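Peer 1: take this sequence and fold it.
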Amino acid sequence: MDPITGLHALRQATCASREFLGDIFPLDQIKSYMLILYLGLVRLQMFDS
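Peer 2: Numbers count the residues shown, from 1 in each chain. The predicted structure is shown next:
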């Protein structure tokens with residue numbers, strides 16, 4: 001979430017060597033949408049440890 005605009009921010013995925021993975025497509029060129037949420041740092045919870 002962008003703190004200034006309050007909108008969700010899209011980021012391009014990177015691998016461990018910081019190279020970009022894949023490409024960014026305009027949303028009107030794909031038929032189904034999949035949003036992957038970025039919720040911050042991953043922490044172990046009681047049900048996933």
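
Peer 1: any weak-confidence spans in this protein?
Peer 2: 27, 29-45, 48-49 (pLDDT under 70).

Peer 1: in it, which spans are strands?
Peer 2: With DSSP state E as the criterion, the chain has no strands.

Peer 1: residue 24 and residue 12 touch, don't they?
Peer 2: Yes: at 5.9 Å, residue 24 and residue 12 qualify as touching, with contact defined as Cβ atoms under 8 Å. No exception for glycine: its C-beta is placed from N, CA and C like everyone else's.

Peer 1: now residue 22: closest residue in space that isn't a chain neighbour?
Peer 2: Distances taken as Cβ to Cβ, 6 or more residues apart in numbering place residue 13 nearest to residue 22, at 6.3 Å, with adjacent residues excluded.

Peer 1: give the contact list for that neighbour.
Peer 2: 20-22 (Cβ atoms under 8 Å, 6 or more residues apart in numbering).

Peer 1: could I get the phi/psi values of it?
Peer 2: phi -70, psi 150 (degrees, to the nearest 10).

Peer 1: tell me how far it lies from residue 19.
Peer 2: To residue 19, residue 13 is 10 Å away according to Cβ to Cβ, to the nearest Å.

Peer 1: can you list the contacts of residue 13 in a markdown table and add neighbour count?
Peer 2: Shown next, in a markdown table, are those (neighbours: other Cβ atoms under 10 Å):
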| residue | neighbour count |
| --- | --- |
| 20 | 10 |
| 21 | 8 |
| 22 | 8 |
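
Peer 1: of the residues you listed, closest to residue 3?
Peer 2: residue 20 (24.2 Å; Cβ to Cβ).

Peer 1: quick check: the closest one touching residue 11?
Peer 2: No: using Cβ under 8 Å, residue 20 is not in contact with residue 11; the gap is 10.1 Å.

Peer 1: closest to residue 47 out of the contacts of residue 13?
Peer 2: Using Cβ to Cβ, these come closest to residue 47 at residue 21, 29.3 Å.

Peer 1: test my guess that residue 1 contacts residue 9.
Peer 2: Yes: between residue 1 and residue 9 a contact is recorded at 6.9 Å, counting by Cβ under 8 Å.

Peer 1: what's near enough to touch residue 12?
Peer 2: Applying Cβ under 8 Å, 6+ apart, we find residue 12 in contact with 20-22, 24.
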